[in-house]
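>>> sequence first, then the predicted structure, then my questions.
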Amino acid sequence: MNSLAEGDCLKALRRALEREDFQLEKFRTESLSDSPIGYMGRHLSLIATVRIGEARRDVRFFVKTPPASGSHLMYLDEMQHFQKELDVYETLVPIMTASLPKGYQLPVPRCFLVKGSSKAGNGEYRRITTEDLLILEDLKEKGYRMYDNMVPFDLEHCGSLMKSVALLHAPSILLQKTAMDRGKGDNFNYIDGTFRLARDTLLTNTGGKMQRLGVKSSVETMTAAVAGLWPDRFGSLNKKKELKERLWKAWEELSELSKPSRTYTNVLCHGDLWANNIMFKYDDEETSTPASVVLIDLQLARFAPAMTDLLIFFHMSTTRSFREEHMKNLAVTYHNHLREIVGKDLLDQLMPLTSFLDSMEEYGLFGKLVATDWLSFSLNSEDVAPMMEEGGSDGEPPDFVEKVLKDRGEEVLLNAAANEVYKTRIMESYRECLEHLNLWK
């Protein structure tokens, strides 16, 4: 288990306080909640007591460390999620921040310490160790909070989010221009390699054991759950066989969609944009309009068309009727915010509105299929039993390999029977995907 050293705490404090004239009296870590709140690592609170002159105060940080489970670490070694987040904060966030025009700020938590080099000497990711960690600002301490993931997003929160997503994507557009001005700018090749370490390993078929196991789990879970939810339509052996075969093909199609595009401009995408990875701050607790939006958990960042981020969010965090009424207009809102940041001429050159909206249709499968899998184990309420309930009380997450990478069809059906909201959300997601695949007949 990770042991945070005094030196780590001092480095984080110097960067957070932006001064040296303080004395660290003591520090401790504690779990953020009675149950785990993340899938890919331990999430802890670091409380440091410092004295500056005669004043004494506590400074709080948010700490992420790898899980302790052997099989979970093996999963992360192949999928590279934790290492990728280290690299995003250590290398890409400074580059992206520097590219933004004056007055704009990247909508991610401030990072005060990256411990453990994210890359091996040959430029590839090295093996993860339990001594690696990230120390970030404590957003909750600053008044940020999550949106209830069981409640679909409303129009106001979606509109506020579009600005932050545009801010995240804008540096890629600006860096693309800088590269083009130098006579380079190979966007398909991660802007001449700048974003190469943000290549996707989760949805793209890498040939790895864990990636393939994830697809197998997704296919078997949806097949079993769909057969149980609509036995008259999909309960027969022939129907289940047909469904399973089409889902395997769909995930192969998704693998191609997850790669950088040669048709649409690629940007550094968040990759996991849904309720639990978005934090809102409100100027007035009585108002429902967010004043600020920050995007957290960058472990699934990928270099791909911008629309993939929006589609994951909409299909994970809104209802189908909402999408039919508002999704296109919100995509235009996002595009307008992006234009304000990078300029009309550059955006018209690299991501014209017509092309951007065309990608919504071409990547339609992306959000629909991802949501069928991720929603099944992400939605959480008192009467829904997600695999997160089975982690340790010290913030240790449940073993992802044991709890998620398996046929979870029966668990989906039990949760659907226990909670009407879960049932409505998962059935809506399944049906929309089935219709897209021409399986709803």
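Received it, and whenever you're ready, just let me know what you need.
>>> element containing E220, please.
Using DSSP states H and E, E220 sits in helix 209-229.
>>> show me what the helix or strand following that helix is packed against.
The helix or strand immediately downstream of helix 209-229 is helix 231-234, counting by DSSP H and E. With contacts taken as 3 or more CB pairs under 8 Å, 6 or more residues apart in numbering; DSSP states H and E, helix 231-234 sits against helix 237-257. Backbone N, C-alpha and C define where each C-beta goes, glycine included.
>>> in the helix it packs on, what's buried?
Neighbour-count burial for helix 237-257, counted by 16 or more other CB atoms under 10 Å, picks out 239, 243-244, 246-247, 250-251, 254-255, 257.
>>> farthest-separated two in the residues you listed?
K239 and L257 (26.2 Å; CB to CB).
>>> so, low pLDDT: which residues of the stretch 201-350 of the chain?
For the stretch 201-350 of the chain, no stretch is flagged by pLDDT under 70.
>>> contacts for stretch 179-197 next, please.
84, 87, 91-92, 95, 118-119, 125, 172, 175-177, 198-199, 260-262, 265-266, 268, 303 (CB atoms under 8 Å, 6 or more residues apart in numbering).
>>> the stretch 1-150 of the chain: strands as residue ranges?
23-31, 42-52, 55-65, 111-115, 133-137, 145-146 (DSSP state E, counting those that start in this stretch).
>>> closest to L414 out of the ones you listed?
When the strands of the stretch 1-150 of the chain are ranked by proximity to L414 (CB to CB), strand 145-146 comes first, at 25.0 Å.
>>> would you map the helices across the stretch 251-400 of the chain?
For the stretch 251-400 of the chain, the helices defined by DSSP state H, counting those that start in this stretch cover 307-317, 320-342, 344-350, 353-362, 364-378, 400-403.
>>> contacts for the second one, please.
So the one you mean is helix 320-342. By CB under 8 Å, 6+ apart, helix 320-342 touches 100-101, 104, 152-153, 155, 158-159, 162-163, 165-167, 169-170, 173-174, 177, 306-307, 310, 314-315, 318, 347, 351, 353, 356-357, 360, 428, 432.
>>> let's see 6 Å
Contact with helix 320-342 is made by 158, 162-163, 165-166, 170, 173-174, 310, 314, 347, 353, 356, 428, 432, as judged by CB atoms under 6 Å, 6 or more residues apart in numbering.
>>> which of the residues you listed count as buried?
158, 162-163, 165-166, 170, 173-174, 310, 314, 347, 356, 428, 432.
>>> most remote residue from the protein's center?
E54 (42.3 Å; CA atoms, centre = their mean).
>>> if I look at that residue, how far off is K216?
62 Å (CB to CB, to the nearest Å).
>>> now do the residue farthest from the centre of the chain, the pLDDT please.
As predicted, E54 sits at a pLDDT of 93.
>>> cool, the one 3 residues further on as well?
Taken from the predicted model, the pLDDT recorded for R57 is 96.
>>> what comes into contact with stretch 243-254?
With CB under 6 Å, 6+ apart, stretch 243-254 has contacts from 203, 215, 219, 223, 234, 369, 437, 439.
>>> show me which of those is closest to T289.
Closest to T289, out of all of these and judged by CB to CB, is L369, at 32.5 Å.
>>> run a quick neighbour tally on that closest one.
Residues near L369, counting by other CB atoms under 10 Å, number 25.
>>> which residues touch it?
So L369 contacts 250, 254, 433 (CB under 6 Å, 6+ apart).
>>> let's go with 10 Å and repeat that
203, 218, 222, 247, 250-251, 253-254, 257, 315, 429, 432-433, 436-437 (CB atoms under 10 Å, 6 or more residues apart in numbering).
>>> one more: K26?
Contacts of K26 by CB under 10 Å, 6+ apart are 6, 9, 47-50, 58.
>>> any chance you could map the helices in the stretch 1-150 of the chain?
Using DSSP H, counting those that start in this stretch, helices in the stretch 1-150 of the chain cover 6-17, 70-79, 81-87, 93-99.
>>> closest to E286 out of these?
Nearest to E286, of the helices of the stretch 1-150 of the chain and by CB to CB, is helix 6-17 at 30.7 Å.
>>> now the closest one, how far from the centre of its chain.
Mean-position distance between helix 6-17 and its chain equals 27 Å (CA atoms, centre = their mean, to the nearest Å).
>>> give the rounded mean pLDDT of that helix.
For helix 6-17, the per-residue pLDDT averages 97.
>>> what angle sits between it and strand 42-52?
70 degrees (axes from the mean of the first three to the mean of the last three CA atoms, to 10 degrees).
>>> and the contacts of helix 6-17?
2, 4-5, 19-20, 22, 24, 26-29, 46-48, 50, 52, 57, 59-61, 63, 110-115, 131, 133-138.
>>> now, the buried ones among the contacts of helix 320-342 that are in helices?
Among the buried ones among the contacts of helix 320-342, the ones falling in helices (DSSP state H) are 158, 162-163, 165-166, 170, 173-174, 310, 314, 347, 356, 428, 432.
>>> going by distance to R42, which of these wins?
Nearest member of these to R42, counting by CB to CB, is V165, at 27.7 Å.
>>> wouldn't that closest one be in contact with D309 here?
Yes: shown here, V165 and D309 form a contact pair, counting by CB atoms under 10 Å, at 6.0 Å.
>>> what is in contact with the two at once?
Joint contacts of V165 and D309 (CB under 10 Å, 6+ apart) are 267, 269-270, 273, 295, 334.
>>> of those, which is the most crowded?
V267 (31 neighbours).
>>> contacting residues for it?
With the criterion set at CB under 10 Å, 6+ apart, V267 makes contact with 165-166, 168-173, 175-176, 187, 191, 195, 198, 260, 302-309, 338, 350-351.
>>> what's the neighbour count on the residue nearest to it when sequence neighbours are not counted?
Nearest residue to V267 in three dimensions, chain neighbours excluded: S172, at 3.6 Å (CB to CB, 6 or more residues apart in numbering). The local packing of S172 (other CB under 10 Å) involves 27 other residues.
>>> do the one 10 residues further on as well
With neighbours defined by other CB under 10 Å, the count for R182 comes to 9.
>>> and it, how far from G235?
60 Å.
>>> ditto for K26
61 Å.
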